[in-house]
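J.: can you look at this prediction? I've put the sequence above it.
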Amino acid sequence: MTVAPLVVHVIHRLDTGGMENGLVNLINHMPPERYRHAIVCLQGYTDFRQRIQRGDVEIYDVNKCNGHDFGAYRRLHKILRELKPAILHTRNLSALESQAIGAAARVKGRVHGEHGRDIYDLHGKNLKYNLLRKAVQPLVGHYIAVSRDLAHWLIDTVGVPSRKVTQIYSGVDSVKFHPRDGARAPVGPPGFAGKDDIVIGSVGRLAPVKDFPTLILAFHYLRKLWPEGYARLRLVIVGDGPMRPECERLIAELDLADRILLIGDRSDVWELMHAMDLFAMSSLGEGISNTILEAMASGLPVIATEVGGNPELVSPGKTGTLIPPADPEKMAQALLAYVSDPARMAQEGRAARAEIETRFSMDAMVRGYLGVYDAALDSLR
């Protein structure tokens, strides 16, 4: 019996996040007879690992300290020498140095994925980081970018030859995430959102790059913009992270605790989407947002900042609206245009669902990754 080739995925940490969600989706939907998988975490993992449905996926933690940690490099080298993967697949800047460890461990198939940049390098222009990217580039056999924006950046700024870059959109489970059929799903304490209320929703890490204070301020500004309807508005934010205390402080300062719900990390996001009428994202930077895709699959129109890959997902006037980042007044005006027009919300929500079915299927994503992995192995024969 032929054993499927092994792909070792190296990531910073297996925890709640868009990139991590995409990795889990890929493993869960890739045919097991094609590739086996293992995950190496540089700095640990959480119960998020339980979302992996396959029982043959080993997860390792090299317990890396911040900065250069030669002990962690040795541990990673040992794991790679023992596993002997056909392909090493690293993701984002934090795992990029692992390509050198993979080369030293004689892993011949080496792939790197770019899924977006964090607050410390929003536009990918940091000289130190780009010098590292350029230095490691010859060791990487192929790159995967989850948006056209990232693909162009790899080619134009990092200097990766275009033949070494494949752009693959993240896929969304359009069976699990589907439009609401019937009454609103319950959310929050009893009475928080009634059948005639309008729920604005958002999902993401409470991290600086997601800029949730802008969304909270925009919701506050709606009090003046729509005084006749403001009593019916609610805001639900799903996720957790270091910015939670700041968000809680702002909500209390604006006296909005009865209207804004910080619900924390949840494993039933698809159900919570059925409590929402409109999706809003205020992030300062994005690769490709899994949560935007999930909201679209759930039949929700999307208001998002015009950053990163967001313009590749949201079609203004058709499936949602794009606004400048860090502008709560523009966000408030965009929110008003939807909450005051239920027919528009319904129409653009239907169009968003149709867009998912034609462009962002899980099958298309899996086919894209299979193509890169197959080509990597073929080049070694």
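T.: Happy to help now that I have it. Numbering: from 1, shown residues only.
J.: and Pro242, that one's in a strand?
T.: No - the assignment for Pro242 (DSSP: H, G, I helix; E, B strand; the rest coil) gives coil, which keeps it out of a strand.
J.: gap between it and Leu322?
T.: 27 Å (C-beta to C-beta, to the nearest Å). Any C-beta I mention is one placed from the backbone N, CA and C, and that applies to glycine too.
J.: how about the helices in the stretch 151-300 of the chain?
T.: Counting by DSSP state H, counting those that start in this stretch, the stretch 151-300 of the chain has helices at residues 212-225, 244-253, 269-273, 290-297.
J.: show me what the shortest one is packed up against.
T.: Put plainly, it is helix 269-273. Applying 3 or more C-beta pairs under 8 Å, 6 or more residues apart in numbering; DSSP states H and E, we find helix 269-273 packed against strand 198-203, strand 233-238, helix 290-297.
J.: buried deepest among the ones you listed, which one?
T.: Most buried of the helices and strands packed on helix 269-273 by mean neighbour count (mean count of other C-beta atoms under 10 Å) is helix 290-297; its value is a mean of 28.
J.: helices and strands around that one, which ones?
T.: Packing contacts for helix 290-297, counted by 3+ C-beta pairs under 8 Å, 6+ apart, involve helix 18-29, strand 198-203, helix 269-273, strand 278-281, strand 302-305, helix 310-313, helix 342-359.
J.: elements contacting the first one?
T.: In other words, helix 18-29. Contact analysis of helix 18-29 by 3+ C-beta pairs under 8 Å, 6+ apart lists strand 6-11, helix 290-297, helix 362-378 as its packing neighbours.
J.: Glu33 is nearest to which of the ones you listed?
T.: The closest of the helices and strands packed on helix 18-29 to Glu33 is helix 362-378. By C-beta to C-beta, the value is 11.5 Å.
J.: could you give the average pLDDT over the closest one?
T.: Across helix 362-378, pLDDT averages out at 95.
J.: among the helices and strands packed on helix 18-29, which is the most enclosed?
T.: Among the helices and strands packed on helix 18-29, highest average neighbours (mean count of other C-beta under 10 Å) belong to helix 290-297, with a mean of 28.
J.: export the helices and strands packed on helix 269-273 to a markdown table and tack on distance to His89 and mean pLDDT?
T.: Shown next, in a markdown table, are these (distance: least, C-beta to C-beta, whole Å; pLDDT from 0 to 100):
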| stretch | distance to His89 | mean pLDDT |
| --- | --- | --- |
| strand 198-203 | 26 | 98 |
| strand 233-238 | 28 | 98 |
| helix 290-297 | 18 | 96 |
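J.: can you put these in TSV and add distance to Arg91?
T.: Formatted as TSV, the helices and strands packed on helix 269-273 follow (distance: least, C-beta to C-beta, whole Å):
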stretch	distance to Arg91
strand 198-203	20
strand 233-238	23
helix 290-297	14
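J.: show the backbone phi and psi for His112.
T.: Main-chain torsions, His112, degrees, to the nearest 10: phi -130, psi 140.
J.: list the contacts of it.
T.: Contact analysis of His112 by C-beta atoms under 8 Å, 6 or more residues apart in numbering lists His89, Thr90, Arg91, Leu96, Gln99, Val136, Val140, His142, Tyr143, Ile144.
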